[in-house]
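1. Fold the stuff below for me.
(chains A and B)
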Amino acid sequence: MAHAHPAHEGPEVYFQYESLDQQQESYTLGMWAFLVTEVMFFGALFLIYTLYRMKFHEDFFLAHEQLNWKMGGLNTVILLTSSMTVALAVHFAQKGKKAAQLTCLGVTLLCAFGFLVVKTWEYGAKGDHHLYPNWTFSYGHEEGKEHKVKSFWDDTLPQALHIEKKEMHGNPERAKLFFSIYFTLTGLHGLHVVIGIIAITSLMILIWRNSSLITDYVPTELVGLYWHFVDLVWIFLYPLLYLIPR
Amino acid sequence: MAHDTTHDHDLSPGGAHSHHILPQGTIFLVFGALMTLMVITIGAAFLVPEPLHSNTFFMQTLAIGIAVIKAYLVVTYFMGVKMATRLVKIFAIGGFVWFFTLFIMFADYLTRPYEPVPGWENVPSSALPRATVKDPE
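-> Predicted coordinates for the structure are as follows:
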């Protein structure tokens, strides 16, 4: 498979560039320009989080106990692994090893889906526990009220994997604020994971079909940059949302 | 990883003649470091001894400090900024500089004790249940 490449001349240097190096640098630069806008986009949300964490630290701590740090940790492992496999995919792309490159991208794709499965599982539990910010938001203060709703997961998964609702303390309005920020940050991050899945799948199809669009490693590198950014956001989200110190 | 060095020359068409290829060994090493740091983050959140554990500032600085090291490793090695051209480096660094610029907003919020803003100082910072607090009509 390593020699599956036809003996074409490699990437064409388009008329506006002086050299292949300059052309490839501008591709990378374009991707970084996009990632800078992404940093600013998430930056504003991190800023909101920081502001309200400082103001309502105690409430945020009490609310964050509803999040399962093991699930978050599992997702961290999944994303770090996927980041490594994307880095390996770029490595193999640069060496022209198509089979290894496709395998690495495939593992990345699996990790991306794995991340979404865990996230859906967590979101599902939050839904069951009425811990999403709407008018039925329930903090469990009402006496004698049972909030445990039988969920889809309860029948399909073993007991050890269930996410239990813990007893809640603190101000429910502040908890609502915490979960608003939680769902905004992780939801937008999840959206980026979905976009990443689309990008990686498209790239794999193009490589698989020996598309004329793929003449070198640069497309893999650009998708890789995007995927590393998704990993980067999670690196900060995990301690900020799941491991709030008392 | 031993076979890594035997394939150092570039096989791809139009290849990476002037571009550095991140060696497989480095990728695994960075991954190992990232995983270790993740374990340290989780471990620290639960196992730091008591006088320090209830020090919110210390614990938060520790967690974010480790996250920054992880981010540095990802950006430098996985995203290849270490091997990138100067122009790409400026863009990458610029993004994070701009991110910190956002936090100048705290010049407002952190000085509100000295320049009170009506309403803001009345927000109780406790964790009291809302149900026990009657809203003044």
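
2. Can you report how many residues lie near residue A:213?
-> Neighbour count for residue A:213, taken as other Cβ atoms under 10 Å in any protein chain shown: 11. In this view, the C-beta of every residue, glycine as well, is placed from N, C-alpha and C.

3. Give me the neighbour count for residue B:25.
-> Count around residue B:25 with other Cβ under 10 Å applied: 12.

4. would you list every one of the helices in chain B?
-> Secondary structure of chain B, counting by DSSP state H: helices at B:24-47, B:50-53, B:56-73, B:86-102, B:106-109.

5. tell me the mean pLDDT over the last one?
-> So that's helix B:106-109. The average pLDDT for helix B:106-109 rounds to 86.

6. could the helices of chain B go into JSON lines alongside distance to residue A:55?
-> Formatted as JSON lines, the helices of chain B follow (distance: least, Cβ to Cβ, whole Å):
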{"stretch": "helix B:24-47", "distance to residue A:55": "22"}
{"stretch": "helix B:50-53", "distance to residue A:55": "23"}
{"stretch": "helix B:56-73", "distance to residue A:55": "13"}
{"stretch": "helix B:86-102", "distance to residue A:55": "17"}
{"stretch": "helix B:106-109", "distance to residue A:55": "8"}
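
7. Any chance of these in TSV with distance to chain A as columns?
-> Below are these laid out as TSV (distance: least, Cβ to the nearest Cβ, whole Å):
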stretch	distance to chain A
helix B:24-47	4
helix B:50-53	7
helix B:56-73	3
helix B:86-102	4
helix B:106-109	6
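
8. and of those helices, who's closest to residue A:95?
-> For the helices of chain B, the distance to residue A:95 is smallest for helix B:24-47, at 9.7 Å, taking Cβ to Cβ.

9. In chain A, which residue is most central in space?
-> Chain A has residue A:193 as the residue nearest its centroid, 4.4 Å off, counting by Cα atoms, centre = their mean.

10. which SS class is it?
-> Under DSSP: H, G, I helix; E, B strand; the rest coil, residue A:193 falls in the helix class.

11. Wait, it touches residue A:116, no?
-> Yes. If you go by Cβ atoms under 8 Å, residue A:193 and residue A:116 touch, sitting 6.1 Å apart.

12. who touches the residue nearest to the centre of chain A in this structure?
-> Residue A:193 makes contact with A:112, A:115-116, A:119, A:230 under the criterion Cβ atoms under 8 Å, 6 or more residues apart in numbering or on different chains.

13. Name the nearest of these relative to chain B.
-> Closest approach between the contacts of residue A:193 and chain B, by Cβ to the nearest Cβ: residue A:230, at 10.5 Å.

14. What about residue A:184, how many residues nearby?
-> 14.

15. can you check the one 5 residues further on too?
-> Using other Cβ under 10 Å, the number of residues around residue A:189 comes to 18.

16. Let me see the confidence value for residue A:167.
-> You'll see residue A:167 listed with a pLDDT of 72.

17. if you look at whichever strand or helix holds residue A:110, does any of it touch chain B?
-> Element membership of residue A:110, judged by DSSP states H and E, is helix A:98-128. No. Applying Cβ under 8 Å from any Cβ of the partner chain, one finds helix A:98-128 separated from chain B by no less than 9.5 Å.

18. which helices and strands sit right next to that helix?
-> Contacts defined by 3 or more Cβ pairs under 8 Å, 6 or more residues apart in numbering or on different chains; DSSP states H and E place helix A:98-128 against helix A:69-94, helix A:152-156, helix A:172-208, helix A:218-237.
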